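Participant: quick one, fold the following:
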Amino acid sequence: MFAIPGQSPVTITASAVKQIRKLMERDARFGLKIGLKKGGCAGMEYTMDYVDAPEANDEVVEKDGARVLIAPMAQMFLFGTEIDYETALLESGFKFRNPNVTDACGCGESIKFKDIDELAAERGAQS
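Facilitator: Predicted coordinates:
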């Protein structure tokens, strides 16, 4: 849709690869699917779910045995995102460093994106 040929829509850090592979192996799943849903104080939230197979039009990103699928409706909003996994004293989890986010709520669970027309224009300029 808005992907640039030959360029992965997201990058996955070594820490995230390790955690994704661990989850895939533990639960014998095909991979983790990333999407978006409306919600939270900033308007949108990331979703992550186990999947057993890709659906039509899912973007599949593989790195060192870790498999991330991106839902079709989320692809444009996630392009350029770095997926990381951070472990801290009080919490651990996946972190999304997304250049398309314009605002986030204080808790970090909810995000707001650039206008869809602006995203489409940026993707057209890159191809």
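
Participant: in which helix or strand does the closest residue to Thr13 other than its chain neighbours reside?
Facilitator: Distances taken as C-beta to C-beta, 6 or more residues apart in numbering place Asp84 nearest to Thr13, at 4.4 Å, with adjacent residues excluded. C-beta coordinates here come from the backbone N, C-alpha and C atoms, glycine included. Using DSSP states H and E, Asp84 maps to strand 81-87.

Participant: centre of the chain versus that strand, how much separation?
Facilitator: Its chain's C-alpha centre and that of strand 81-87 lie 10 Å apart, by C-alpha atoms, centre = their mean, to the nearest Å.

Participant: what packs against it?
Facilitator: On a contact count with 3 or more C-beta pairs under 8 Å, 6 or more residues apart in numbering; DSSP states H and E, strand 81-87 meets strand 10-12, helix 14-27, strand 92-97.

Participant: most distant residue from the middle of this structure?
Facilitator: Most distant from the centre of the chain: Leu89, at 24.1 Å, with distances by C-alpha atoms, centre = their mean.

Participant: for it, report the pLDDT, please.
Facilitator: On the pLDDT scale, Leu89 is placed at 87.

Participant: just say helix, strand or coil for it.
Facilitator: Classification of Leu89 using DSSP: H, G, I helix; E, B strand; the rest coil returns coil.

Participant: for it, list the residues it contacts.
Facilitator: If you count contacts by C-beta atoms under 8 Å, 6 or more residues apart in numbering, Leu89 has none.

Participant: try Pro54
Facilitator: Shown in contact with Pro54 (C-beta under 8 Å, 6+ apart): 30-31, 60, 69.

Participant: change it to 10 Å
Facilitator: By C-beta atoms under 10 Å, 6 or more residues apart in numbering, the contact set of Pro54 is 30-31, 33, 60, 67, 69-70.

Participant: go on, Ala14?
Facilitator: 63-64, 66, 84-85 are the contacts of Ala14 under C-beta under 10 Å, 6+ apart.

Participant: which regions of this structure sit below the pLDDT cut-off?
Facilitator: Along the chain, the parts satisfying pLDDT under 70 run over 1-6, 42, 105-127.

Participant: let me know the helix or strand that the residue positioned nearest the centre of it is in.
Facilitator: With distances taken as C-alpha atoms, centre = their mean, the residue of the chain nearest its centroid is Ile34 (5.0 Å). Per DSSP H and E: Ile34 is located in strand 31-39.
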